[in-house]
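Asker: sequence and predicted structure are below.
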Amino acid sequence: MTVVKSTLPEEALGVTGNALQDTLVDLLGLSLTAKQAHWNVVGPRFRSIHLQLDEVVAAARAHSDTVAERAAALGVPPDGRPETVAATFALPGTKAGWLRDTEVVELMVSSLEAAIGRLRERVAATEKPDPVTQDLLISVTADLEKQRWMFEAENQPRENASS
């Protein structure tokens, strides 16, 4: 059943639809990973990391909605069902239980780096088939790079006062 007819040719739609679906899964999974870490982070930097994780969750959820709506606008039904995310999510995830603040920072840097790497591949793949989707993916990449930078900055060693 086709409800929305795409404005893209079939081949371009296939590339674009796959890029959007894979991005949707990455963003939904990233929001769940960040929320799980948010609930379980402990350590001296608890508060700052706890709040920063909420920023990642909010960004990932907002972008996932935009990505899903782009797919729908092109006639590709987005699939954000839990079973789809669970079956296809490929970014680093969190372990169960309490997480040291240092572990959370490392987890978020690696998860965001993986998501950014995957997004950059999709940016390249959508350049010719659909520059509009490419532009959207570039915007998502920029925002995730900002989030990664903020966690990477948290990961820097503290200087001794005597240095």
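Answerer: Looks like it came in fine.
Asker: helices of this structure, start to end?
Answerer: Here the chain has its helices, by DSSP state H, at 10-40, 46-73, 82-88, 101-125, 131-154.
Asker: wait, which of these is closest to Thr94?
Answerer: helix 10-40 (4.9 Å; C-beta to C-beta). Bear in mind the C-beta positions are built from the backbone N, C-alpha and C, glycine included.
Asker: mean neighbour count, the helices of the chain: which tops it?
Answerer: Most buried of those, by mean neighbour count (mean count of other C-beta atoms under 10 Å): helix 10-40, with a mean of 21.
Asker: please name every helix or strand in contact with that one.
Answerer: helix 46-73, helix 82-88, helix 101-125, helix 131-154 (3 or more C-beta pairs under 8 Å, 6 or more residues apart in numbering; DSSP states H and E).
Asker: as PDB, could you dump the C-alpha coordinates of the second one?
Answerer: Output of helix 82-88 as PDB, limited to C-alpha atoms (Å, rounded to 0.1, in the frame of the first residue of the first chain):
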ATOM      1  CA  PRO A  82      10.900  -0.900  19.600                       C
ATOM      2  CA  GLU A  83      11.500  -4.300  18.000                       C
ATOM      3  CA  THR A  84      13.000  -2.600  14.900                       C
ATOM      4  CA  VAL A  85      15.300  -0.400  17.000                       C
ATOM      5  CA  ALA A  86      16.300  -3.400  19.100                       C
ATOM      6  CA  ALA A  87      17.000  -5.600  16.100                       C
ATOM      7  CA  THR A  88      19.000  -3.000  14.000                       C
END
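Asker: what's that helix in contact with?
Answerer: Asp22, Val25, Leu28, Gly29, Leu32 (C-beta atoms under 8 Å, 6 or more residues apart in numbering).
Asker: quick check: the two most widely separated of those residues?
Answerer: Pairwise over the contacts of helix 82-88, using C-beta to C-beta, the maximum falls at Asp22 and Leu32, 16.0 Å.
Asker: ok, and the closest non-adjacent residue to the spatially most central residue of the chain?
Answerer: Central residue of the chain (C-alpha atoms, centre = their mean): Leu27, 3.5 Å from the mean position. Spatial nearest neighbour of Leu27, excluding adjacent residues (C-beta to C-beta, 6 or more residues apart in numbering): Ser64 at 3.9 Å.
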